[in-house]
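> Sequence below, structure please.
(one chain, ligands or ions: 1)
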Amino acid sequence: MSNFKMKYEIVPRYLSGPSKRRPCIPMQSVIFMVAHDTGNPGSTASGNVGYYENSRNDMEASAQIFVDDKQIIECIPFLTDAPEKAWHVIYNVTTDNQRYGADANDAAGGVELCYGGNVNLTEAYKRYVWVLAYSCWKYALDPAQAITGHHILDPKRKTDPMNALKLLGKTFDNLIADVVLEYNECMEEDDMSKEIEELKGKFQTLLNTADVHIKKINDLEAKASMSVPDWAKDAVTSAVSKGLIDTPEGRSYDFYSLLAVFHRKGLI
Ligand SMILES: [Zn+2]
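Prediction:
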């Protein structure tokens, strides 16, 4: 399996459970994602999770992940551990069943975008888009199809995540397009780094091959011009004394071999 670029850290800060907000029920399968915003301008990821923890036995509403401009906090396991259910879309809407064949609470991760107040929405949105893309990668979902909005599933009661998106001048389709782009980028970077690794390997093989050739050439050159080897000294002395050669040093391996053979045969 390939890797996904981990641009941001996902901080696990699990709610105590079993509690109303975190029932500690495993999700059997993850089929889609629901995009939310907090509907509470100025609240931060940390602030929301703190509030959830304090009110964990009072209310059921929950979501797995909160995102602001500084942090991605997971308060119910979804990406940092085996996924658990959160109560983020009421059961009696049928839009989720019609589109995905399951209730959002049972088969979808819920991601909440923080906005307003001191939250830098552009930065928060980058993290929101990335964590949605990463969720799709993690659960092998098609980012173009698998993300819906709370406002789409429960149009009579809910407007999120459009409260936040409108502040950015984004439509819901813009969000999906941004997630698809992010998904592809985080995958492509991985493909590129793999290609670079492959090229490095090929280059190393080439260098090794070149080393072998250079060694062979050096050996050949050494043999083409060498000093008199011990085994040819007698033959060389004899040939010099008979005036057969003037320059005994720096001749080739083959030259000395031939002289040695002649000498052994008594020819020189
Ligand atoms: Zn919502």
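> and I268, how far is that from the ion?
Taking CB to the ion, to the nearest Å as the criterion, I268 is separated from the ion by 103 Å. Using the backbone N, CA and C atoms, a C-beta is placed for each residue, glycine as well.
> what does E123 give?
In this structure, E123 and the ion are separated by 21 Å, where distance is defined by CB to the ion.
> Over to Y8?
In this view, Y8 and the ion are 22 Å apart by CB to the ion.
> surely that residue meets W130?
Yes. With contact defined as CB atoms under 8 Å, Y8 counts as touching W130 (5.8 Å).
> how many neighbours does the closest residue to K85 other than its chain neighbours have?
Nearest in space to K85, with sequence neighbours left out and distances taken as CB to CB, 6 or more residues apart in numbering, is I25 at 4.5 Å. Other residues within reach of I25, judged by other CB atoms under 10 Å, total 14.
> check contacts around the residue of the stretch 51-200 of the chain found nearest the ion.
The ion sits closest to H150 of the stretch 51-200 of the chain, with a gap of 3.4 Å, by CB to the ion. Residues touching H150, when contacts are defined by CB atoms under 8 Å, 6 or more residues apart in numbering, comprise V34, A35, H36, H88, V89, K158, D160, P161.
> I'd assumed I147 was in contact with the second one.
Yes. Counting by CB under 8 Å, A35 sits close enough to I147 to count as a contact (5.9 Å).
> Need the overlap of contacts for those two.
L132, L175.
> if we can go back for a sec, identify the farthest-apart pair in the contacts of H150.
Comparing all pairs in these by CB to CB, the longest separation belongs to V89 and P161, at 12.6 Å.
> pLDDT of the lengthiest helix in the chain, averaged?
Selection of the longest helix in the chain by residue count, based on DSSP state H, yields helix 172-224. Within the predicted structure, the mean pLDDT of helix 172-224 is 87.
> that older thread, torsion angles phi and psi at the residue nearest to K85?
Recorded main-chain torsions at I25 are phi -100, psi 120, according to degrees, to the nearest 10.
> can you pull out the helices in the protein?
Under the criterion DSSP H, the chain contains helices at 45-54, 95-100, 104-107, 121-138, 150-153, 162-167, 172-224, 233-241, 253-264.
> For P77, which of these is the nearest?
Taking the helices of the chain one by one with CB to CB, helix 121-138 is closest: 12.2 Å.
> Who are the packing partners of the closest one?
Contacts of helix 121-138 with other secondary structure elements, assessed using 3 or more CB pairs under 8 Å, 6 or more residues apart in numbering; DSSP states H and E, are made with strand 32-37, strand 65-67, strand 108-113, helix 162-167, helix 172-224.
> Give me every residue in the stretch 151-268 of the chain lying close to the ion.
Along the stretch 151-268 of the chain, the residues adjacent to the ion under the rule CB under 5 Å from the ion are D160.
> let's go with 8 Å and repeat that
Residues of the stretch 151-268 of the chain that fall close to the ion, judged by CB under 8 Å from the ion: H151, D154, K158, D160, P161.
> Tell me who's in contact with the second one.
What that stands for is D154. V89, I90, V93, T95.
> Pull up the gap between it and E182, please.
26 Å (CB to CB, to the nearest Å).
> Same question for the last one.
P161 sits 16 Å away from E182 when distances are taken as CB to CB.
> got it, and the first one?
In this structure, H151 and E182 are 21 Å apart, going by CB to CB.
> Next up, the contacts around N120.
Contacts here follow CB under 8 Å, 6+ apart; on that basis N120 touches D69.
> and it, backbone torsions?
When read as degrees, to the nearest 10, the backbone of N120 gives phi -80, psi 100.
> Tell me the pLDDT of it.
N120 is given a pLDDT of 98.
> follow-up on the earlier one: widest-spaced pair of the contacts of D154?
Farthest pair in those (CB to CB) is I90 and T95. Separation: 10.8 Å.
> isn't T95 right up against K156?
No. When contacts are counted by CB under 8 Å, T95 is not listed as touching K156 (10.5 Å).
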